[in-house]
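1. Pasting the sequence and the predicted coordinates here, then a few questions.
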Amino acid sequence: MTKIVDFLLEIEKARRTKKQIFVNNKPIKTRTIADHAFLEAIFVFVYARLNNLDADKMIKMVLVSNLYQSCENEQEWRHMISLLPKNTKEEIKKLNQQTLNGKTKLSRVAQEIVKIEKIIHLKKKNLLLYSQILDKEIRNPQILKIKKALVEKIDAHKQTSQEDLYDKIAQFLLGVSFLQSFKRRGWVMTGVRDVETVAQHTFHLTIASWILGEKKGLDPNKTMKLGLIHDLCEIYAGDQTPYDPLKKISKDILKKPARIPKNKKIEWLIKKKQKEWESLKRTTELLPREIANEIKNLWVEFEERLTKEGRFVYQLDKVENVFQATHYWLKDKEFPIVPWWVRIKEVVDDKLLLDLIAQLDEKFKYHLLKLNGPQK
């Protein structure tokens, strides 16, 4: 478990490293690797479902490809995956090689989707140049149609036909891309610098859900998808925190766990879930019904903890927050990390996750426990 803790700490570099593309041989940096990986994974999920391809494998290809790109060299990459259980390590090595080679249908499609997704973040001049480059590189006619719809919407803000499937997918992707710039409110409220986006958090949770779901003996493909879609509701509903029911939120209040009267908390939770459900329906309404229903069913499974996988990923979401809080605390010892540890005690009862947290505690025992960690 110690190695997995190290792995989950190391993948934070994907949040710090910006992705770059080359337009006319000039490097252009876009968003971070984690931001891109999130949108690419959503893209391949939808595309694979439309074309009866293996969505689970394609999502994994995109995740692994981005993890690989976050490493500065092969030695760093080999070290990162050496921290994983043997079976998972071998699967990741194989997926990465297939994606790099691009010799299978799935890997070729994944590669083309990764290229197209970047146009969302380019300015007009580079957008048109890169679009022309892609016209020569992309072979899949459906992906080219999606690319064309994206370029039209970004470049000229044209209102294309809502009856066109490719236009709808383009509009869906542009909506989801909002989460690549949406900073998580809980961190913003504490005043930390370099606040992670919802997309970055989702990337980390999706990787962790896959790896730990497999170690737990659950369906790793299901846990991975639950992690991937769990925050799509925030596109229109926003990112809400346990402190929101309070009338006044100060930095002193944020140093302690949110304590809300039970009736007020229940009322807030009901409104929160209703708002998020309406947001999710609005987000998915452009997709074919079957795909939209799958996403909504996954979200309900997560939110209501209806299955073993749903309960596990729901708790893992809280654990992932502690890992991110640890990164902020290591940079600034004044960061109020206590509430995150207390929250873990209140909502996590899964033995594997409790063991994971115990290992994180042990790793920083001379800091977290003695200064401002959980009191045992």
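-> Received, thanks. Numbering: from 1, shown residues only.
2. Could you report the pLDDT at Leu368?
-> We have a pLDDT of 55 for Leu368.
3. for Asn372, that is, sorry about that
-> Per-residue pLDDT puts Asn372 at 44.
4. same question, Lys158
-> 50.
5. How about Asn321, nearest residue that isn't a chain neighbour?
-> Trp340 (5.8 Å; C-beta to C-beta, 6 or more residues apart in numbering). Where you see a C-beta, it was placed from the backbone N, CA and C, and this is true even at glycine.
6. didn't the one you found look like it was pressed against Tyr328?
-> No - Trp340 is beyond contact range of Tyr328, at 9.7 Å (criterion: C-beta atoms under 8 Å).
7. Mind listing the shared neighbours of these two?
-> Taking C-beta atoms under 8 Å, 6 or more residues apart in numbering as the criterion, Trp340 and Tyr328 do not both touch any residue.
8. can you give me the helices for the stretch 101-250 of the chain?
-> Using DSSP state H, counting those that start in this stretch, the helices of the stretch 101-250 of the chain run over 105-117, 124-137, 141-155, 165-176, 185-190, 198-216, 220-229, 234-237.
9. starting at the chain centroid, how far to the fourth one?
-> In other words, helix 165-176. When distances are taken as C-alpha atoms, centre = their mean, to the nearest Å, helix 165-176 is centred 19 Å away from the chain's centroid.
10. who does it touch, helix- and strand-wise?
-> Judged by 3 or more C-beta pairs under 8 Å, 6 or more residues apart in numbering; DSSP states H and E, the packing partners of helix 165-176 are helix 33-50, helix 141-155, helix 262-284.
11. Which helix or strand in the chain has the lowest average pLDDT?
-> Using mean pLDDT, DSSP states H and E, the weakest-scoring helix or strand in the chain turns out to be helix 338-347, at a mean of 85.
12. mind listing what the closest residue to Phe172 other than its chain neighbours touches?
-> Once flanking residues are discounted, Phe172 sits nearest to Leu286: 4.6 Å by C-beta to C-beta, 6+ apart. Under the criterion of C-beta under 8 Å, 6+ apart, the neighbours of Leu286 are 168-169, 171-172, 175.
13. hmm, back to that, among the helices of the stretch 101-250 of the chain, which comes closest to Asn263?
-> Asn263 lies closest to helix 234-237 among the helices of the stretch 101-250 of the chain, at 22.4 Å (C-beta to C-beta).
14. Residues touching the closest one, excluding its own?
-> With C-beta under 8 Å, 6+ apart, helix 234-237 has contacts from 175-176, 178-179, 182, 198, 272, 275-276, 278-279, 282-283.
15. Looking at the helices of the stretch 101-250 of the chain, which is nearest to Ile260?
-> Closest approach to Ile260 among the helices of the stretch 101-250 of the chain (C-beta to C-beta): helix 185-190, 15.3 Å.
16. That closest one packs against which elements?
-> With contacts taken as 3+ C-beta pairs under 8 Å, 6+ apart, helix 185-190 sits against helix 308-331.
17. circling back: can you put the helices and strands packed on helix 165-176 in a markdown table and add distance to Asp349?
-> Formatted as a markdown table, the helices and strands packed on helix 165-176 follow (distance: least, C-beta to C-beta, whole Å):
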| stretch | distance to Asp349 |
| --- | --- |
| helix 33-50 | 28 |
| helix 141-155 | 43 |
| helix 262-284 | 19 |
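18. Just tell me which of these ends up closest to Leu67.
-> Among the helices and strands packed on helix 165-176, the nearest to Leu67 by C-beta to C-beta is helix 33-50 (8.0 Å).
19. buried stuff in the closest one?
-> Neighbour counts using 16 or more other C-beta atoms under 10 Å place 33-50 of helix 33-50 among the buried residues.
20. what's the angle between it and helix 141-155?
-> Interaxial angle of helix 33-50 relative to helix 141-155 (axes from the mean of the first three to the mean of the last three C-alpha atoms, to 10 degrees): 130 degrees.
21. next structured bit after helix 33-50?
-> Downstream of helix 33-50, the first helix or strand assigned by DSSP states H and E is helix 55-70.
22. Just the mean pLDDT for whichever helix or strand comes after that next one, thanks.
-> Where DSSP H and E defines the elements, the next helix or strand beyond helix 55-70 is helix 74-82. Computed over helix 74-82, the mean pLDDT rounds to 96.
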